[in-house]
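Participant: structure for this input, please:
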Amino acid sequence: MLVLTRKQNESIVIGDKGEIVVTLLQGCVGNIRIGIEAPKDVAVDRKEIFERKRSFSEQTSTTHEDC
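Facilitator: Below is the predicted model:
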């Protein structure tokens with residue numbers, strides 16, 4: 001894991017072509033707001049949503065194998 005320190009309105013760039021930009025928008029005690037710019041074909045989700053989608057996908061693929 002890469003750990004970086006950023007100040008408000010500073011960004012990090014991900015990808016060889018800089019196609020993903022993550023910007024720290026606001027930081028408060030206990031909360032941080034970030035902005036993410038990514039191509040439309042790149043899914044950007046909170047981890048819990050990503051895991052829910054993956055779990056649902058695995059359940060439906062298992063269900064279809066039984067047919």
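
Participant: what strand or helix carries the residue nearest the centre of the chain?
Facilitator: With distances taken as Cα atoms, centre = their mean, the chain has residue 44 as the residue nearest its mean C-alpha position (4.1 Å). Secondary structure assigned from DSSP states H and E places residue 44 in neither a helix nor a strand.

Participant: look up how far residue 2 lies from residue 12.
Facilitator: Between residue 12 and residue 2 the distance is 9 Å, computed by Cβ to Cβ, to the nearest Å. From N, CA and C alone the C-beta is placed, and that goes for glycine too.

Participant: next one: residue 40
Facilitator: 25 Å.

Participant: residue 11 now?
Facilitator: Using Cβ to Cβ, one gets 14 Å for the distance from residue 11 to residue 2.

Participant: neighbour-wise, which of these two wins?
Facilitator: Neighbours were tallied for residue 11 and for residue 2 using other Cβ atoms under 10 Å; the higher tally belongs to residue 11 (15 against 5).

Participant: report the contact partners of the closest residue in space to the more buried one that isn't next to it in sequence.
Facilitator: Across the structure, with Cβ to Cβ, 6 or more residues apart in numbering as the measure, the residue nearest residue 11 apart from its sequence neighbours is residue 23 (4.3 Å). Contact partners of residue 23, counting by Cβ atoms under 8 Å, 6 or more residues apart in numbering, are 9-11, 34-37.
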